[in-house]
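Visitor: here you go, sequence then predicted model.
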Amino acid sequence: PQRAAAVTRLAPHPDYRPSRLSGWLHRAWPYPGTAPGMHTLEVAIGEGDTRRVHLVVPDGYRADRPWPLIYALHPSGVKGEDWARQVRTMLGSRAREFVIAAPDDYKQNYVAARPPFSPEHPAILDAVARAVHVDADRVYALGYSKGGFGTWFVALYYADRFAGATALAAAFDVTVDEGGFWKQVIANVTHLPVYNAWGERDTLVARDLEEQPVGTLAEQNRRFADAVFGMGLPITNVEVPGAGHYGMSPPGAPLVKILAGRRADDPRHVSHTFRHLHQASSYWLEGVSWTGDHWGEQRPAIPVPREGESRRAAVARALEPLLGRIEGRIDGQVIRATRRHIGDLVVWFGEKTIDWDAPVRVEVDGAVAFEGRLTRDPAVALARAVATMDFDRLRWAGVLVDRDGAGRLVTADALPGPAWKVTPGR
């Protein structure tokens, strides 16, 4: 009722323009008057579990404007509160520019993470965005050691929520000789700058998808840097001479560059590979139901390696078909998408996705699902903004394509929930 009333008042307002709605939402949302200093949040993350999140709100914070956010992921043996303080020290005088959010004891930091499979990171980011006024176009992940792996995890599986990521003293979490598995996953950061730094003498053990050792972190990172060279990905790999795992101090210039970036706005081509439905979002594509087999608690039987095939490649060959994938391309007024292990799929339309004065065609899996004109619906924009707390990337229309290929327009009253929100039956 409140949204309907707001839309009724909005449409005839003499100053209303679609381009102004984002700013109006930023000014009108009733953010709490959070004072500068350290605060804690208890966040429900699904599966009956919670996470404690430590917030550092800078001096000068005001709830009437959006603030950049650093999502700080702690190393093993360090609590989120202490890591938040270390990050603030790392930032020096620039710390006053950012809100810092550091969760305690997060679990999802590796593609092969064990159950429960909760969407803890997006749930935490959502809770933070309701507690303080966050600039959704300037959210950055930063972690060390375990937190570096966590940074890679959120960069890979929630890339569209971040403007940049800095992973320190960790490694990309799939070894680069595990078949084509790793190439599909690394493509997730095509539009997300990542700063990956490690010590030359980092002797901590790197492990493969079966938790078997594959050399040191330094060796794994060198293999990764060689493998991604020439792929055109926005990844900056830096080996710090003489440094080990602990106390590694990487060059600051790449971090400064990361923290100056903004999130990509509706890239023309997206490709996203993932393990769970709550990871099935990529900018303007979003899966809302799963179909077919799933890589859950039990791993599939590992096939006997083929002639010349390594054990790790055989493992990847068994797991890769269980990964979900969505891919799409915007070619003028034609949007083409494909999906694997996704049933219902939403194609979202922002201000710059299309020319709103011309007809649109949506093709999914090679068949036309929708063809016609779209109009900017402020009710859809408001409903989606409130659901996601993303006031900077408004969605004015959506086409939901079911598993049979039939498309229909999304309405505010039947808005699909965000992919990362756990609802009954999902």
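Guide: Received it, and whenever you're ready, just let me know what you need.

Visitor: can you give me the strands for the stretch 1-150 of the chain?
Guide: 37-46, 49-57, 67-73, 99-103, 134-144 (DSSP state E, counting those that start in this stretch).

Visitor: turn these into JSON lines, including distance to Glu210 and mean neighbour count.
Guide: The C-beta positions use only the backbone N, C-alpha and C, and glycine is treated the same way. Listed next are the strands of the stretch 1-150 of the chain as JSON lines, based on distance: least, Cβ to Cβ, whole Å; neighbours: other Cβ atoms under 10 Å:
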{"stretch": "strand 37-46", "distance to Glu210": "27", "mean neighbour count": "15"}
{"stretch": "strand 49-57", "distance to Glu210": "26", "mean neighbour count": "20"}
{"stretch": "strand 67-73", "distance to Glu210": "24", "mean neighbour count": "25"}
{"stretch": "strand 99-103", "distance to Glu210": "28", "mean neighbour count": "27"}
{"stretch": "strand 134-144", "distance to Glu210": "24", "mean neighbour count": "24"}
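
Visitor: which residues in the stretch 301-426 of the chain form helices?
Guide: Ranges of helices in the stretch 301-426 of the chain, per DSSP state H, counting those that start in this stretch, are 311-319, 378-388.

Visitor: lowest average pLDDT across these?
Guide: Among these, helix 311-319 carries the lowest mean pLDDT, a mean of 89.

Visitor: hang on, the earlier thing: using CSV, please lay out the strands of the stretch 1-150 of the chain together with mean pLDDT and distance to Pro267.
Guide: Shown next, in CSV, are these (pLDDT from 0 to 100; distance: least, Cβ to Cβ, whole Å):
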stretch, mean pLDDT, distance to Pro267
strand 37-46, 95, 28
strand 49-57, 96, 30
strand 67-73, 98, 21
strand 99-103, 98, 26
strand 134-144, 98, 14
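
Visitor: redo the ones you listed as JSON lines? Include distance to Trp396.
Guide: JSON lines is the format used below for those (distance: least, Cβ to Cβ, whole Å):
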{"stretch": "strand 37-46", "distance to Trp396": "29"}
{"stretch": "strand 49-57", "distance to Trp396": "32"}
{"stretch": "strand 67-73", "distance to Trp396": "25"}
{"stretch": "strand 99-103", "distance to Trp396": "28"}
{"stretch": "strand 134-144", "distance to Trp396": "16"}
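
Visitor: can you list the helices of the stretch 301-426 of the chain in JSON lines and add mean neighbour count and distance to Val43?
Guide: Shown next, in JSON lines, are the helices of the stretch 301-426 of the chain (neighbours: other Cβ atoms under 10 Å; distance: least, Cβ to Cβ, whole Å):
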{"stretch": "helix 311-319", "mean neighbour count": "19", "distance to Val43": "30"}
{"stretch": "helix 378-388", "mean neighbour count": "20", "distance to Val43": "16"}
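
Visitor: adding distance to Phe153, write these out as CSV.
Guide: CSV is the format used below for those (distance: least, Cβ to Cβ, whole Å):
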stretch, distance to Phe153
helix 311-319, 16
helix 378-388, 20
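
Visitor: those helices: which one's closest to Glu97?
Guide: Among those, helix 378-388 comes nearest to Glu97, with 24.0 Å by Cβ to Cβ.

Visitor: please name every helix or strand in contact with that closest one.
Guide: Contacts defined by 3 or more Cβ pairs under 8 Å, 6 or more residues apart in numbering; DSSP states H and E place helix 378-388 against helix 2-10, helix 21-28, strand 397-401.

Visitor: redo that, cut-off 6 Å
Guide: If you count contacts as 3 or more Cβ pairs under 6 Å, 6 or more residues apart in numbering; DSSP states H and E, helix 378-388 packs onto helix 2-10.

Visitor: dump the residue contacts of Val362.
Guide: 335, 347, 369-370, 399 (Cβ atoms under 6 Å, 6 or more residues apart in numbering).

Visitor: what about these, which are in strands?
Guide: Residues of these located in strands (DSSP state E): 335, 347, 369-370, 399.

Visitor: top of the residues you listed by number of neighbours, please.
Guide: Val347 (26 neighbours; other Cβ atoms under 10 Å).

Visitor: so who does that one touch?
Guide: Taking Cβ under 6 Å, 6+ apart, one finds 335, 362, 399 in contact with Val347.

Visitor: adding distance to Gly343 and pLDDT, write these out as CSV.
Guide: Shown next, in CSV, are the contacts of Val347 (distance: Cβ to Cβ, whole Å; pLDDT from 0 to 100):
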residue, distance to Gly343, pLDDT
Ile335, 18, 98
Val362, 16, 98
Val399, 15, 98
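
Visitor: could you dump those residues to a markdown table with distance to Trp24?
Guide: Converted to a markdown table, the contacts of Val347 look like this (distance: Cβ to Cβ, whole Å):
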| residue | distance to Trp24 |
| --- | --- |
| Ile335 | 28 |
| Val362 | 29 |
| Val399 | 26 |
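
Visitor: closest to Glu211 among the residues you listed?
Guide: Nearest member of these to Glu211, counting by Cβ to Cβ, is Ile335, at 40.4 Å.

Visitor: mind checking how far the closest residue to the closest one other than its chain neighbours is from Phe274?
Guide: Once flanking residues are discounted, Ile335 sits nearest to Val362: 5.0 Å by Cβ to Cβ, 6 or more residues apart in numbering. Going from Val362 to Phe274 by Cβ to Cβ, to the nearest Å gives 22 Å.

Visitor: likewise for Glu219?
Guide: Plainly put, Glu219 is 27 Å away from Phe274 if you go by Cβ to Cβ.

Visitor: neighbour-wise, which of these two wins?
Guide: More crowded of Glu219 and Phe274, by other Cβ under 10 Å: Phe274, with 25 against 16.

Visitor: wait, isn't that one in contact with Gly324?
Guide: Yes. If you go by Cβ atoms under 6 Å, Phe274 and Gly324 touch, sitting 5.1 Å apart.

Visitor: measure the spatially most central residue of the chain to Leu125 for me?
Guide: With distances taken as Cα atoms, centre = their mean, the residue of the chain nearest its centroid is Tyr158 (1.5 Å). Between Tyr158 and Leu125 the computed distance is 8 Å (Cβ to Cβ).
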